[in-house]
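Student: Here is my input, please return the structure:
(2 chains, ligands or ions: 2)
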Amino acid sequence: MLKVDCVSVNYRHVTALQDVSIQVEEGKIVSVIGSNGAGKTSLLNAVSGAVKYQKGQISFKGRPLMTKPHRIVQEGIVQVPEGRKIFAGLTVEENLIIGTINKAEFPRRSEEIYQLFPVLRERKKQQGGTLSGGEQQMLALGRAMMSGPQLIMLDEPSMGLAPIVVKQVFKFIKKINESGITVLLIEQNARQAMGLSDYTYVLENGRVKMEGESQALMKDEGVQRAYLGVQ
Amino acid sequence: MARLLETWISQERMERFMYYFQMLLNGLSLGAIYAIIALGFTLIYSILKFSNFSHGGIMVVCAYFAYVIQRRYNLNFGMMMLITAAFGAVLACIVQYIGFENLRAKRSNIMLFFVSSSTLGILLQNIIVITFSSTYYAYPAFFTPPFIDVNGFTFSVSDMIMLGISAVVILGLMFLLYRTRLGIAIRALSMDGDTVKLMGINVSVVVALTFMVSGALAAVAGIFCGVNYILYPQLNQLVFKGMIASILGGLGNISGALYGGIMLGVLEVCFNNAFGAGLVPVFSFVFSMIFLLVRPQGIAGKYVLDKV
Ligand SMILES: Nc1ncnc2c1ncn2[C@@H]1O[C@H](COP(=O)(O)OP(=O)(O)OP(=O)(O)O)[C@@H](O)[C@H]1O
Ligand SMILES: [Mg+2]
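Tutor: Ligands and ions are numbered 1, 2, ... in the order given. Next up is the predicted model:
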């Protein structure tokens, strides 16, 4: 469904990605793991059109992807950014409105979101900035879902959340996937990510170092030592 | 009881009351003009984070545009305002396209936006100087009688009408910002432009529309300034009143701009009555300095000011 082919991203003097190729099959959950500065966010932003890539190609459903961020969302790819990036001064409902690209769909989609995350319905008129971290992550997920995406990309959804809340968030990600939406999951929390996903890429210093079926990769000694904390 | 009331509302008290009431009304109507300037100025500051001095240029061009079309087509006040507001919206959109579109695409330094906006402001003012020379023009008297008399106190009809229109314009703007999708997008853009993009919103369109709203506000303000004073090319300098008002209110804060404008207008009228017109700028300046020392974040601001 999504094909990133030999993409390189440079920021002035820093090379963030070098000849990175990944592929996301429709209906699957694919994870990308890597430590700080590996280039995970740069990869998502290249797909989202938020950063320019100097080399390579990105295609979606067999066609080259648009370059403008808002067109990419209209095409069906949406991102839940790192650190959630809730609009703190907007209410929960207004945050959902921002996520909607087709006004007529707002009532139906917001109803779906409120059913999935009842806590958001209770907080509808509350400012986004006053929500707890977990609630903000749910709002970020909900806001992204409002566009009716075919592929949702999540940038470290577990960041800064308590383990029990992380579990909850991952459960929601699974639910979202089961509703037919393809998921590209970026995580530092390798164990959780690999446990959830079908396929995993390991990103290191801007390159794909390893890839494979998540279950198989979890048994790899190198991955265990570097990312799963096994001695 | 009746006698008590009668002595309480003695002639003297009545006069005192009327005096202050008149002063308040004058202050509010001047303050509403400042607020409309400040709101247009702040709208752009809030989304692009720079002080848009081309706003003054748009104000002055609109004020003259209104004069010309009014003479040419003999329009009434309302028609003149509507057409000029539309013109101001288009003009601001053009200014945005010429002055800022490229800078935005290249994510240029804020300083360049500032330079570009000042240059465009001066350019617009000079277009007026060249076209109309520096002679003064005045709108015809729209309102007859120009004053109404209550118990020996005169109230300016134009002041009251402008105050009424300002209230409608401000309420309309608040409705736009807080009740419509465009308004929510504008507010989101003012909080985090990068994320707005990722949510599928075409930022260029929102920016262009924000400029149009700001231009329409500049048109209203320009006409009001022309009615209040007279038409002269340096009318654009009133943008500084808007800027002071928006700083008092808390730079980049929409409701702050409103409060700041009204406060500045009321204060200026009070200073004017107390110390005479000549000293008003001095007192306003001193007041602003003291106010900002006490409350650097402005009336409604949450954050400490960054560079102007
Ligand atoms: N806007 C930028 N300008 C310059 N360099 C950048 C920029 N964004 C990222 N980089 C650099 O690119 C490299 C990759 O950064 P990126 O944010 O993609 O990593 P990451 O894997 O998402 O890290 P983290 O896990 O900390 O979020 C880093 O060395 C970073 O310093
Ligand atoms: Mg990152």
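
Student: close to ligand 1, is stretch B:190-198?
Tutor: No: between stretch B:190-198 and ligand 1, judged by C-beta under 6 Å from any ligand atom, nothing touches; the nearest distance is 10.1 Å. From N, CA and C alone the C-beta is placed, and that goes for glycine too.

Student: Spit out the contact partners of B:I110.
Tutor: B:49-50 (C-beta atoms under 8 Å, 6 or more residues apart in numbering or on different chains).

Student: Would you check how far apart B:Y137 and A:T182 are?
Tutor: 65 Å (C-beta to C-beta, to the nearest Å).

Student: if you count what's nearby, which of the two comes out ahead?
Tutor: Regarding B:Y137 and A:T182, a neighbour count based on other C-beta atoms under 10 Å in any protein chain shown identifies A:T182 as having more, with 22 against 14.

Student: in the sheet, who's paired with the more buried one?
Tutor: A:L151 (DSSP bridges).

Student: residues touching it, list them.
Tutor: A:T182 neighbours (C-beta under 8 Å, 6+ apart): A:1-2, A:24-30, A:150-152.

Student: can you check A:Q168 too?
Tutor: A:Q168 is in contact with A:G134, counting by C-beta under 8 Å, 6+ apart.

Student: Next, the buried residues of the helix or strand containing it.
Tutor: Element membership for A:Q168 (DSSP states H and E) is helix A:163-178. Judged by neighbour count using 16 or more other C-beta atoms under 10 Å in any protein chain shown, the buried positions of helix A:163-178 are A:165-166, A:169-170, A:172-173, A:176-177.

Student: Need the phi and psi values for the residue nearest the centre of chain A.
Tutor: Centroid-nearest residue in chain A, with C-alpha atoms, centre = their mean: A:L154, separated by 1.3 Å. Backbone torsions of A:L154, given as degrees, to the nearest 10, read phi -110, psi 130.

Student: Burial check on residue 48, number of neighbours?
Tutor: Assuming you mean chain A. 20.

Student: look at chain B instead
Tutor: Per other C-beta under 10 Å, the neighbour tally for B:L48 reads 22.

Student: Identify the residues contacting it.
Tutor: Here B:L48 is in contact with B:100, B:104, B:113, B:207 (C-beta under 8 Å, 6+ apart).

Student: Can I take it that the last one is in a helix?
Tutor: Right, B:V207. Yes: under DSSP: H, G, I helix; E, B strand; the rest coil, B:V207 sits within a helix.

Student: mind listing the strands for chain A?
Tutor: Remark: strands assigned in chain A by DSSP state E are A:2-11, A:14-24, A:29-33, A:55-60, A:63-64, A:77-80, A:151-155, A:182-187, A:199-204, A:207-213.

Student: Can you lay out these as TSV showing distance to B:N126 and mean pLDDT?
Tutor: Below are the strands of chain A laid out as TSV (distance: least, C-beta to C-beta, whole Å; pLDDT from 0 to 100):
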stretch	distance to B:N126	mean pLDDT
strand A:2-11	41	96
strand A:14-24	45	96
strand A:29-33	56	97
strand A:55-60	47	96
strand A:63-64	47	96
strand A:77-80	46	98
strand A:151-155	49	98
strand A:182-187	53	97
strand A:199-204	56	96
strand A:207-213	57	95
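
Student: same question for the strand or helix carrying B:T195, mean pLDDT?
Tutor: In the assignment (DSSP H and E), B:T195 maps to helix B:193-198. Average pLDDT, helix B:193-198: 95.

Student: Quick one: buried ones out of the contacts of A:T182?
Tutor: The neighbour count (16+ other C-beta under 10 Å) marks A:1-2, A:24, A:29-30, A:150-152 as buried among the contacts of A:T182.

Student: which among the residues you listed gets closest to chain B?
Tutor: Distance to chain B, by C-beta to the nearest C-beta, is smallest for A:I152 among the buried ones among the contacts of A:T182, at 11.9 Å.

Student: what residues does chain A put near ligand 2?
Tutor: Contact residues (C-beta under 5 Å from the ion) of chain A with ligand 2: A:40-41, A:82.

Student: so what's B:G260 up against?
Tutor: Applying C-beta under 8 Å, 6+ apart, the residues contacting B:G260 are B:34-35, B:38, B:244-250, B:298-299.

Student: any chance of those in TSV, with secondary structure too?
Tutor: Shown next, in TSV, are those (three-state DSSP):
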residue	secondary structure
B:Y34	helix
B:A35	helix
B:A38	helix
B:I244	helix
B:A245	helix
B:S246	helix
B:I247	helix
B:L248	helix
B:G249	helix
B:G250	coil
B:G298	coil
B:I299	coil
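
Student: In terms of secondary structure, what does the one helix or strand B:C62 maps to contact?
Tutor: Element membership of B:C62 [criterion: DSSP H and E] is helix B:54-73. Judged by 3 or more C-beta pairs under 8 Å, 6 or more residues apart in numbering or on different chains; DSSP states H and E, the packing partners of helix B:54-73 are helix B:11-48, helix B:77-99, helix B:110-132, helix B:203-228, helix B:239-249.

Student: and the angle for the longest one with helix B:77-99?
Tutor: Which is helix B:11-48. Helix B:11-48 runs at 30 degrees relative to helix B:77-99, counting by axes from the mean of the first three to the mean of the last three C-alpha atoms, to 10 degrees.

Student: May I see the buried residues of helix B:11-48?
Tutor: By 16+ other C-beta under 10 Å, the buried positions in helix B:11-48 come out as B:22-23, B:25-48.

Student: Now tabulate the contacts of B:L48 in TSV and tack on neighbour count, distance to A:V230 and pLDDT.
Tutor: Below are the contacts of B:L48 laid out as TSV (neighbours: other C-beta atoms under 10 Å in any protein chain shown; distance: C-beta to C-beta, whole Å; pLDDT from 0 to 100):
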residue	neighbour count	distance to A:V230	pLDDT
B:F100	24	54	96
B:R104	16	49	93
B:F113	20	53	94
B:V207	21	51	97
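
Student: Need the max-distance pair from these.
Tutor: The most widely separated members of the contacts of B:L48, counting by C-beta to C-beta, are B:F113 and B:V207 (11.9 Å).

Student: what's the overlap in contacts for the two?
Tutor: Shared contacts of B:F113 and B:V207 (C-beta under 8 Å, 6+ apart): B:48, B:100.

Student: my guess is B:L177 meets B:A185, correct?
Tutor: No: between B:L177 and B:A185 there is no contact under C-beta atoms under 8 Å: 10.1 Å.

Student: Who has more neighbours out of those two?
Tutor: Legend: neighbour count by other C-beta under 10 Å for B:L177 and B:A185, higher for B:A185 (23 against 20).
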